[in-house]
Every structure is written in structure tokens, then in C-alpha cells.
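Chemist: Need coordinates for the below:
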Amino acid sequence: MKNASCFFDTNILLHLLSGDSDQAACVEGIVSKGGIISVQVLNEFASVASRKIGMTYTEIREYLVTIRAICDVRPLTVETHLLGLDIAERYGFSFYDSLIVSAALLADCTTLYSEDMQHGQKIENRMVIGNPFLLEI
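Modeler: Numbers count the residues shown, from 1 in each chain. Take a look at the predicted model:
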């Protein structure tokens, strides 16, 4: 059964391709239990993997097949967009980070794994941001 309580930001999944074996192993440990991502995460992953890592689109497709088998993928909706605007205004996140946060909230996740946001920060009193490379949240 997939873990439906955690959401993965793109930056966490990219560590699976990292040259840092400790970080890759850490991420593999949490991702292997399953979780939730959004279509935005798939899009950002493909963009970074192509532009910065130099993966071919065939390699990206193959890699994302595995990610989609492990994680439930949520669509980007108008509801995600509107909540993202509210989150950006309320918490001061960038709009695209706010879309990640809103997708995680709409999926009823209790943990959002990300390196880009403040470790331990509570969002809407029901979800906490966790950096898996720092001490436990």
C-alpha cells in the first residue's frame, strides 16, 4: 500500500540521481514507501533532468515510469491554483512552491518533503515541511 500521508517536492526526487550516495539512499528510503506527487513535480523533474543533468527524454520517461508506479500523481486543477495563490500570500512562498504546498494540502498529506522550504514549518496546522537530510521532524 502506498503511503498517502507524504508528498515529495521535485528537489527531493532529483536527489535519487545525485552523485551523493548518502543523500540518494536517504531519499530512496522515504520514496520507496510511496507517497504523493503532482503533475507539476513530473514537469519540473523532466525540465531539470533534461537541462541540468543531461538526461535524454527516453531516460526521463523510463525514470518517471518508476516514480509514477511508486507515487500517486495528483493533477493540477483550478482548485490547486486558487489555493496556491492563498498560500503564497499567507506564507510568502514563491508561487510555484505554493502550488506544491497546495497540492499536498489538497491530497491531505501530513508531511511535505522539501529542501526549499523551512524544515519543521507547520502549514495550516495540519501539515509539516520536512527536509529529510536534517534531523527528524
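
Chemist: check contacts around the nearest residue to residue 119 once chain neighbours are set aside.
Modeler: Leaving aside its sequence neighbours, residue 119 sits nearest to residue 131 (Cβ to Cβ, 6 or more residues apart in numbering; 4.2 Å). Glycine gets a C-beta too; all of them are placed from N, C-alpha and C. Neighbour list for residue 131: 113-115, 119 [criterion: Cβ atoms under 8 Å, 6 or more residues apart in numbering].

Chemist: give the contact list for residue 50.
Modeler: Per Cβ under 8 Å, 6+ apart, neighbours of residue 50: 57, 60.

Chemist: Let me know the pLDDT of it.
Modeler: Residue 50 is assigned a predicted lDDT (pLDDT) of 97.

Chemist: Check residue 134 too.
Modeler: Looking at residue 134, the pLDDT reads 89.

Chemist: Pretty sure it sits against residue 118.
Modeler: No - contact criterion Cβ atoms under 8 Å: residue 134 and residue 118 do not qualify, at 10.6 Å.

Chemist: Which stretches in the protein count as strands?
Modeler: 6-8, 35-38, 71-74, 111-113, 122-123, 127-130 (DSSP state E).

Chemist: Which of the ones you listed sits closest to residue 84?
Modeler: strand 35-38 (10.7 Å; Cβ to Cβ).

Chemist: List of residues touching that closest one?
Modeler: 2-8, 13, 67, 70-76, 80, 99-100, 103-104, 107, 109, 113.

Chemist: Perfect, that will be all.
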